[in-house]
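# Sequence and predicted model, in that order:
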Number of protein chains: 2
Amino acid sequence: MADTQLKIAPIGEGLSLKARAYDALKLAILNMNIYAEGAQLRLDERDLSQRFGVSRTPLREALAQLDQEGLVKIVARRGIFIVRKTKAEILDMITVWAALESMAARLATQHAETDAIARLHTLVDQFSQDEAARNTGEYSEANIKFHQAIIGLSKCPLIAEITNGLFFHMRAIRQRTIFEQDRARRSIVDHKEIVSALEARDADRAERLVREHTLRLRDHVDCFVELD
Amino acid sequence: MADTQLKIAPIGEGLSLKARAYDALKLAILNMNIYAEGAQLRLDERDLSQRFGVSRTPLREALAQLDQEGLVKIVARRGIFIVRKTKAEILDMITVWAALESMAARLATQHAETDAIARLHTLVDQFSQDEAARNTGEYSEANIKFHQAIIGLSKCPLIAEITNGLFFHMRAIRQRTIFEQDRARRSIVDHKEIVSALEARDADRAERLVREHTLRLRDHVDCFVELD
DNA sequence: TTGTGGTGTATGGTATACCAGAATCCAGCA
DNA sequence: TGCTGGATTCTGGTATACCATACACCACAA
């Protein structure tokens, strides 16, 4: 009896065309190295609507959302441009990230379950042994996962929401190398200290460690990354 | 020769219909006590477009933006609803505010000009003498101005941008009384201490004072405000 | 009286046609 | 050869008509 029913169309349905256009565009921008020399930074509504096979209306709504999020900039009668963040803007984003995650750490010492904190070890230990893994780019993702985990422990969805937006912009900077290399070893030490502060439920120390850790990244980017 | 040209329509021009609809809607929502008992929480695209005298298209774009900012919620084939924030969401917003402004205070100790810090006294002293003014609602606005001033000193536009959004939502809670009353006197003392920490360029102290000040407000709201 | 099924209606979603301004290109003149 | 001006074209902005679905209401049967 169970198989007599025809399960139709679990393809990509359920979402509005706007939502699908939004996802597709966001992914496309993410997978594109917008900081490369001759990158195509201009979009065309009509061209996109043809390529997606939808009309301009839902596409425009998706673009308007991306505009508000700061991924693209819509200029009346000029065009739609993929936004290249300036170095100053990147630094500001890292600063906000530091502010929010350090607060998250503080909250985590109050609200996180002990076993949830213990699970952080998994994310840290995975790379503390493996010299090679640290340099494969895997670490970059794992690093973000660690930070997102701390934010999750804070039980503050708004912090998670805002930082997710920030992380997206960071990912768009293809030069992830910044986050890796020699910094990885130091980073892992920092992470271990952070976990230990959380386990000790030491709010001030956890907050300070997270803040200093992230602001160090900020200074590193400030010194060694060239943009603009 | 100068007056021979007819300067037409400096009314509300220059902005797209979308932008004007957005402003008008935002203002309308702000000036409406959405937490009152029988508040009209549902909007209708066609009705609004008629009343504004524009078509649905720009209006929808404005509404979509308000949706993304969390002021309204658009539900497919159901309607558009003005969002009432839950108490938990309000508390989270204050938490994020605390995180960002305390970071702003830290940055201010590094980047703010001395005379700019000195100007904070104006905002504080204005109410320290005047017992009456503290209870007129004026203080609520001046209070926000003080906090915005500190954020301005940080020279971090992103922090300003995010907190502005938060402040808007706070304002929408008409029960501003929370921010005033007996809290005003205590608040002014806090503010004076914050200014003094900034003047001393004491980053840690400034950050801590701002954080504790705002988190105290959070606890106050947690205890004494009933929503939902 | 109560439950159920079908139909009507209201609402947001989408497609499309047209508008207005900005940029570009090229003819024509100095 | 270089510059100027106007026409054309390309772009996002706006208006409007139509589509699909969630919900309500009502007729009808148990």
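Structure's in. What do you need? Residues are numbered from 1 along each chain as shown, chains lettered A, B, ... in the order given.
# ok but A:Ile74 is inside a strand, no?
Yes. Counting by DSSP: H, G, I helix; E, B strand; the rest coil, A:Ile74 is found in a strand.
# So it sits against A:Asp67, correct?
Yes. Between A:Ile74 and A:Asp67 a contact is recorded at 4.7 Å, counting by CB atoms under 8 Å. From N, CA and C alone the C-beta is placed, and that goes for glycine too.
# Provide a list of residues in contact with the residue nearest the centre of chain A.
The centre of chain A sits closest to A:Phe167, judged by CA atoms, centre = their mean, with a distance of 2.1 Å. Shown in contact with A:Phe167 (CB atoms under 8 Å, 6 or more residues apart in numbering or on different chains): A:Trp97, A:Ile144, A:Gln148.
# and if we set it to 10 Å?
A:Met93, A:Trp97, A:Ile144, A:His147, A:Gln148, A:Ile151 (CB atoms under 10 Å, 6 or more residues apart in numbering or on different chains).
# still on that earlier bit, please enumerate the shared neighbours of A:Ile74 and A:Asp67.
Joint contacts of A:Ile74 and A:Asp67 (CB under 10 Å, 6+ apart) are A:Arg60, A:Ile80, A:Phe81.
# still on that earlier bit, using CSV, write out every CA atom in the helix or strand the residue nearest to the centre of chain A falls within.
Here A:Phe167 is covered by helix A:157-172, with elements defined by DSSP states H and E. Provided in CSV are the C-alpha atoms of helix A:157-172 (Å, rounded to 0.1, in the frame of the first residue of the first chain):
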residue,chain,number,x,y,z
PRO,A,157,20.0,33.8,17.9
LEU,A,158,20.5,37.5,16.9
ILE,A,159,24.3,37.3,17.4
ALA,A,160,24.3,34.2,15.3
GLU,A,161,22.3,35.9,12.6
ILE,A,162,24.5,38.9,12.4
THR,A,163,27.8,37.0,12.5
ASN,A,164,26.6,34.6,9.8
GLY,A,165,26.3,37.6,7.5
LEU,A,166,29.8,38.7,8.4
PHE,A,167,31.2,35.3,7.9
PHE,A,168,29.7,35.2,4.4
HIS,A,169,31.5,38.3,3.4
MET,A,170,34.8,37.0,4.9
ARG,A,171,34.5,33.8,2.9
ALA,A,172,34.1,35.9,-0.3
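# for it, the distance to its chain's centre please.
Remark: helix A:157-172 is offset 5 Å from the chain centroid, using CA atoms, centre = their mean, to the nearest Å.
# Let me see the mean pLDDT of that helix.
Helix A:157-172 carries an average pLDDT of 92.
# Find me the pLDDT at A:Ile29, would you?
pLDDT at A:Ile29 comes out at 90.
# in the helix holding A:Phe167, what's buried?
A:Leu158, A:Ile159, A:Ala160, A:Ile162, A:Thr163, A:Leu166, A:Phe167, A:His169, A:Met170, A:Ala172 (16 or more other CB atoms under 10 Å in any protein chain shown).
# Which single one of those is nearest to A:Met32?
Closest approach to A:Met32 among the buried residues of helix A:157-172 (CB to CB): A:Ala172, at 8.5 Å.
# I'd say the closest one and A:Val72 touch.
No. Here A:Ala172 does not reach A:Val72: they are 11.7 Å apart, not a contact under CB atoms under 10 Å.
# what is in contact with those two at once?
By CB under 10 Å, 6+ apart, the residues touching both A:Ala172 and A:Val72 are A:Ile29, A:Ile82, A:Val83.
# ok, and the closest non-adjacent residue to the second one?
Right, the one you point to is A:Ile82. Spatially, and ignoring its direct neighbours in sequence, A:Ile82 is nearest to A:Leu41 (4.6 Å; CB to CB, 6 or more residues apart in numbering or on different chains).
# need the contact list for the one you found.
Neighbouring residues of A:Leu41 by CB under 10 Å, 6+ apart: A:Met32, A:Ile34, A:Val72, A:Lys73, A:Gly79, A:Ile80, A:Phe81, A:Ile82, A:Val83, A:Arg84.
# Find me the pLDDT at the nearest residue to the fifth one once chain neighbours are set aside, would you?
Put plainly, it is A:Gly79. In space, and not counting its chain neighbours, A:Gly79 is closest to A:Arg42: 5.2 Å by CB to CB, 6+ apart. Predicted confidence (pLDDT) for A:Arg42: 91.
# what's downstream of the least confident helix or strand in chain A by mean pLDDT, the next helix or strand?
The helix or strand of chain A with the lowest confidence, counting by mean pLDDT, DSSP states H and E, is helix A:120-128 at a mean of 83. The element immediately downstream of helix A:120-128 (helix or strand, assigned by DSSP H and E) is helix A:138-153.
# That following helix - contacts with which helices or strands?
Other helices and strands packing on helix A:138-153, by 3 or more CB pairs under 10 Å, 6 or more residues apart in numbering or on different chains; DSSP states H and E, are helix A:87-111, helix A:114-118, helix A:120-128, helix A:157-172, helix A:183-199, helix A:203-224.
# which of the residues in it are buried?
A:139-140, A:142-144, A:146-153.
# do the same with stretch A:45-60
Buried-residue list, stretch A:45-60, by 16+ other CB under 10 Å: A:Leu48, A:Ser49, A:Phe52, A:Val54, A:Pro58, A:Leu59, A:Arg60.
# Now render those as JSON lines, adding distance to DNA strand C and pLDDT.
Converted to JSON lines, the buried residues of stretch A:45-60 look like this (distance: CB to the nearest atom of the strand, whole Å; pLDDT from 0 to 100):
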{"residue": "A:Leu48", "distance to DNA strand C": "12", "pLDDT": "93"}
{"residue": "A:Ser49", "distance to DNA strand C": "7", "pLDDT": "94"}
{"residue": "A:Phe52", "distance to DNA strand C": "9", "pLDDT": "92"}
{"residue": "A:Val54", "distance to DNA strand C": "4", "pLDDT": "93"}
{"residue": "A:Pro58", "distance to DNA strand C": "4", "pLDDT": "95"}
{"residue": "A:Leu59", "distance to DNA strand C": "7", "pLDDT": "95"}
{"residue": "A:Arg60", "distance to DNA strand C": "8", "pLDDT": "94"}
